[in-house]
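The amino acid sequence is not available; the structure is as follows:
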């Protein structure tokens, strides 16, 4: 009888279930813990790749066009990689200057690895119980230096773009140049002057070339003499058809109604997006614009306490910065507020506007301009041409890379 009970006893059966449950729990723990490491590390690696690609693109767009391992773009990307960890360890990464299929322009690609092939695989904890001793991840990101064509911080200065100087002689454009093409006085003022053969000539920038206008880059994306060029911006006479270099027309931005709005738009950002190709109204309200220009630009006490110069008073231009191309140093900001976006306008369009009593001018380009100060003797805003961050709006690009002062840094992959 006792023998029969022992044969049918269920004592110890639970151990079998527990053993099976433990195996299932170990497998589940392997999935949760080790796969959790994998997914968390994958996110960290992607963050490293994104940050490094963007850092390299920013350096390429604003510091130097050098793509060697000693260039700012490569070193900036590597510095960003070294400052991050993927599961407690600096990853191995490749930095290359290559665009994916279908993309043109300047790209920087960063591939981040933690894998067996690179000698730095991720560990496993419970996977070893089932023969999984390590695991691999890889992340990639590509950033592009694109042509910027818009800004929401435009300054109200419609500056005459650079032209080809033929009168009185053929010579390079400089700060003493005057645009000679139209009759400047009398009943026929504004008409082409037939005695000027050939007259000075302006060709606006297009996607195929810079024309005669200011251009920070050459065809090989190296800086030209326009980058870092010092010019003096002066309020222009609306009855004048001989535009001196730096001549500008005060502009209405958004809902400006006079000198006070003009002053505030110099010191701050209007917050409305303007792009190359837009038409802007010339500020025709009565009153001199020289005073508001000085107050909006100059250092205090001649200028307002929140003038452009006072917003970043220690910033200055250094001709030795940026590998000798020049740049802003000692700024309290990543991008100094003294680097402003200034619209460039077509001198022929301006002449047509003045002659016919019109009020609109078209933006042919937008240049970066580091405001060095205000020269009270010359009544001029003095500064340097340079690149600056910009925005990229939908639609075809209006200008080519040689003419683009504004650089838009975008993550494309």
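Yep, it's here. Bear in mind the structure is a predicted one, so any value in this text is a computation, not a measurement.

Next secondary structure after the longest helix anywhere in the chain?
Counting by DSSP state H, the longest helix found in the chain is helix 35-62. Next along the chain after helix 35-62, taking DSSP states H and E as the criterion, comes helix 72-82.

can you give me the mean pLDDT across whichever strand in the chain runs longest?
When the chain is parsed with DSSP state E, its longest strand is strand 360-375. In this model, strand 360-375 has a mean pLDDT of 97.

residue boundaries of the helices in this structure?
2-8, 13-29, 35-62, 72-82, 259-267, 290-297, 308-311, 347-355.

ok so, going back, which strands or helices does the longest helix of the chain pack on?
helix 72-82, strand 92-96, strand 106-114, strand 122-123, strand 137-147, strand 406-411 (3 or more CB pairs under 8 Å, 6 or more residues apart in numbering; DSSP states H and E). Bear in mind the C-beta positions are built from the backbone N, C-alpha and C, glycine included.

Next, the buried residues of it.
37-38, 41-42, 44-46, 48-62 (16 or more other CB atoms under 10 Å).

related to what we said a few turns ago, so which of the helices and strands packed on helix 35-62 comes closest to residue 308?
Across the helices and strands packed on helix 35-62, residue 308 has its closest neighbour in strand 406-411 (18.3 Å, CB to CB).

Adjacent strands (with direction) for the closest one?
strand 137-147 (antiparallel), strand 388-389 (parallel) (DSSP bridges).

Between the two ends of stretch 353-366, what distance do you get?
Using CA to CA, to the nearest Å, the end-to-end distance of stretch 353-366 comes out at 20 Å.

Distance check, the nearest residue in space to residue 228 that is not next to it in sequence against residue 222.
Spatial nearest neighbour of residue 228, chain neighbours left out: residue 326 (3.6 Å); criterion: CB to CB, 6 or more residues apart in numbering. Between residue 326 and residue 222 the computed distance is 14 Å (CB to CB, to the nearest Å).

Between the two, which has more neighbouring residues?
residue 326 (21 against 13; other CB atoms under 10 Å).

hang on, the more buried one packs against residue 316?
No: between residue 326 and residue 316 there is no contact under CB atoms under 8 Å: 11.1 Å.

ok so, going back, for the helices and strands packed on helix 35-62, give me a markdown table that also has distance to residue 300, mean neighbour count and mean pLDDT.
Converted to a markdown table, those look like this (distance: least, CB to CB, whole Å; neighbours: other CB atoms under 10 Å; pLDDT from 0 to 100):
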| stretch | distance to residue 300 | mean neighbour count | mean pLDDT |
| --- | --- | --- | --- |
| helix 72-82 | 34 | 20 | 93 |
| strand 92-96 | 44 | 17 | 96 |
| strand 106-114 | 40 | 24 | 94 |
| strand 122-123 | 57 | 18 | 90 |
| strand 137-147 | 37 | 22 | 93 |
| strand 406-411 | 29 | 20 | 91 |
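
what sits against the closest residue to residue 391 other than its chain neighbours?
Leaving aside its chain neighbours, residue 391 sits nearest to residue 150 (4.3 Å; criterion: CB to CB, 6+ apart). Applying CB atoms under 8 Å, 6 or more residues apart in numbering to residue 150 gives the contacts 273, 274, 275, 276, 366, 390, 391, 392, 393, 406.

Let me see the confidence value for the second one.
According to the per-residue confidence, residue 274 scores 96 in pLDDT.

my guess is it meets residue 153, correct?
No: with contact defined as CB under 8 Å, residue 274 does not reach residue 153; the gap is 9.2 Å.

who's more crowded, the two?
Using other CB under 10 Å as the criterion, residue 274 and residue 153 rank with residue 274 on top: 23 against 19.

Please report the distance of the residue lying closest to the more buried one once chain neighbours are set aside from residue 363.
Among residues not flanking residue 274 along the chain, residue 154 sits closest, at 4.7 Å (CB to CB, 6+ apart). Distance, residue 154 to residue 363, using CB to CB: 8 Å.

which residues do those two both contact?
Common contact partners of residue 154 and residue 363 (CB under 8 Å, 6+ apart): 274, 343.

For those two, indicate the residue with more neighbours.
residue 154 (25 against 22).

mind listing what that one touches?
Counting by CB under 8 Å, 6+ apart, residue 154 has contacts 253, 270, 274, 341, 342, 343, 366.

beta partners for it?
Beta bridges link residue 154 to residue 341 when assigned by DSSP bridges.

on that earlier part again, in a markdown table: the strands paired with strand 406-411, plus distance to residue 235.
Shown next, in a markdown table, are those (distance: least, CB to CB, whole Å):
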| stretch | distance to residue 235 |
| --- | --- |
| strand 137-147 | 30 |
| strand 388-389 | 23 |
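
Which one of the ones you listed lies nearest to residue 127?
Nearest to residue 127, of all the strands paired with strand 406-411, is strand 137-147, at 14.3 Å by CB to CB.

With adjacent residues omitted, what lies nearest to residue 257?
Nearest one to residue 257, counting by CB to CB, 6+ apart, is residue 285 at 7.1 Å.

Check residue 40 too.
Among residues not flanking residue 40 along the chain, residue 87 sits closest, at 7.3 Å (CB to CB, 6+ apart).
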